[in-house]
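kindly return the folded structure for what I paste below:
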Amino acid sequence: MPFQAYYRLFARRIWIIILSMAFGFAVALLVSRLQTPIYRSTVYMNMRPRRLDWGLQQTIKGLMRNYAVNVTSRETALQVIEALELPLTSDQLRSKLRVTPIESDFLLRLDADDPDPALAQAIAQTTAEKFVARIHDYMLKQDKRDRVELTIRDYALPGTLHRPKLKIYLAAGGMAGALLGVLVVFILRWMESETIENSQDLERCTGLLTVGTIPES
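Here you go, the predicted model:
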């Protein structure tokens, strides 16, 4: 089909695409409203060597991966549950936590997700405090020159909305609706492909030359 034919096709049925996009927006909005909002609170823990030594810095990078696993251990979770008096099991609490090592900055990022933004903040802050205290006690038993300090750099703030992201849902719904509308337009065009609408269609179907037409009354 030449460009002009595509233009006429979509210009005549643009309303189908618009309706499909509106339907996509409506579905996306409904889905986002049906989901329980989850809020995320973040706390950063800083790892710092007692002395400036390249070898000790490399050791820290290895420790970061180990610490990232142990922050969300059952031992830490049980301490947090007891401190906050939460009606949760250790596995339920651990499912709310995410730890990301940032090796370039010697940081551990701890995220806590919960439907209650204040509780997300409390979980993140308490988890960080309990783990920092454990590492501090452990480091007291090590040689002072080899100690690695773990401190809370930025304290947790009340959780901010993590999901659902309404703008992302609406964008995805609109794009899906537009694609559905285009598909419907092409299906309708295919269904009409055998319909003779003008002399060109007649010549294409019969292979005969049209020498005249009957004007519309």
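
which SSE is immediately downstream of the longest strand along the chain?
Looking across the chain with DSSP state E, the single longest strand is strand 38-49. Note on strand 38-49: by DSSP states H and E, the next helix or strand toward the C-terminus is helix 54-70.

which of the residues in stretch 70-77 are buried?
71-72, 76-77 (16 or more other Cβ atoms under 10 Å). From N, CA and C alone the C-beta is placed, and that goes for glycine too.

tell me which of the residues you listed fall in helices.
Among those, the members found in helices (DSSP state H) are 76-77.

quick check, nearest of the buried residues of stretch 70-77 to Leu86?
Ala77 (9.5 Å; Cβ to Cβ).

output the longest strand of the chain as CSV - backbone C-alpha positions only.
The C-alpha coordinates for strand 38-49 follow below in CSV (Å, rounded to 0.1, in the frame of the first residue of the first chain):
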residue,chain,number,x,y,z
ILE,A,38,4.1,-0.2,48.8
TYR,A,39,6.4,2.4,50.3
ARG,A,40,10.2,2.2,50.4
SER,A,41,12.5,3.6,53.0
THR,A,42,16.3,3.6,52.4
VAL,A,43,19.3,3.8,54.8
TYR,A,44,23.0,3.9,53.8
MET,A,45,25.7,2.3,55.8
ASN,A,46,29.3,3.4,55.3
MET,A,47,32.3,1.0,55.4
ARG,A,48,35.6,2.7,56.3
PRO,A,49,39.0,1.1,57.0
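
what is that strand packed up against?
helix 54-70, strand 107-114, helix 117-139, strand 148-154, strand 160-163 (3 or more Cβ pairs under 8 Å, 6 or more residues apart in numbering; DSSP states H and E).

could you list the buried residues of that strand?
So for strand 38-49, counting by 16+ other Cβ under 10 Å, buried means 38-45, 47, 49.

would you turn these into a markdown table with distance to Arg189 and pLDDT?
Shown next, in a markdown table, are the buried residues of strand 38-49 (distance: Cβ to Cβ, whole Å; pLDDT from 0 to 100):
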| residue | distance to Arg189 | pLDDT |
| --- | --- | --- |
| Ile38 | 44 | 90 |
| Tyr39 | 48 | 94 |
| Arg40 | 47 | 93 |
| Ser41 | 53 | 94 |
| Thr42 | 52 | 93 |
| Val43 | 57 | 93 |
| Tyr44 | 57 | 93 |
| Met45 | 60 | 90 |
| Met47 | 63 | 82 |
| Pro49 | 69 | 70 |
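
all set, thanks.
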